[in-house]
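Enquirer: I'll drop the sequence and a predicted model, then ask my questions.
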Amino acid sequence: MAASIEFVRIAGYPVKVTSLAHDHASGSITLVVITRGSSDRNHLNDLLAESPLTLEVPEEPSRAVDVEEVDARSVGEGEQAITRFSVRFAPADSAQDVPEEEPEARSLEDRLESIERKLDLVLKELAQSRKARRVDPE
């Protein structure tokens with residue numbers, strides 16, 4: 001069942017959501033977010049590249065989550081682009097509580113994993129952009 005929540009906080013940043021759904025069996029949460037312009041899209045991609053993240057939903061305790069799946073679909077280019085994100089978060093493997101450690105205290109392996117996720121998102125976005133720009137030869 002989808003909740004009618006207008007804003008959540010991801011890693012401390014407010015994010016306007018279109019819908020939010022809990023899967024109580026798995027503990028996952030799915031958000032739908034609409035961004036306008038490449039700046040907002042890139043900022044959300046940057047946020048989602050970190051792991052674990054702190055997710056704050058109004059009237060619920062903060063929780064540490066990992067990004068399990070991201071489906072981003074864009075229409076338009078540059079600051080005219082509109083992107084619909086469907087993001088599924090799963091409880092973080094390390095703990096059910098909000099992580100207290102500073103980013104600098106993360107292990108090299110954790111930082112590399114975060115960079116790899118970010119790179120995967122960038123490569124996926126690049127592939128979608130190239131696919132949208134292809135013109136049939138005459």
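Expert: Right, received. Where do you want to start?
Enquirer: how about T35, what does it touch?
Expert: Shown in contact with T35 (CB atoms under 8 Å, 6 or more residues apart in numbering): R41, L44, I82, T83, F85. Heads up, the C-betas are built off the backbone N, CA and C, glycines and all.
Enquirer: From the contact counts, what lies against the lengthiest helix in the chain?
Expert: When the chain is parsed with DSSP state H, its longest helix is helix 108-133. Other helices and strands packing on helix 108-133, by 3 or more CB pairs under 8 Å, 6 or more residues apart in numbering; DSSP states H and E, are helix 38-49, strand 63-75.
Enquirer: Where among the ones you listed is average confidence lowest?
Expert: The weakest mean pLDDT among those belongs to helix 38-49, with a mean of 88.
Enquirer: after it comes which helix or strand?
Expert: Toward the C-terminus, helix 38-49 is succeeded by strand 53-56 as the next helix or strand (DSSP states H and E).
Enquirer: Okay, now the unreliable bits of the chain?
Expert: When residues are selected by pLDDT under 70, those of the chain lie in 1-3, 94-106, 110-111, 128, 132-138.
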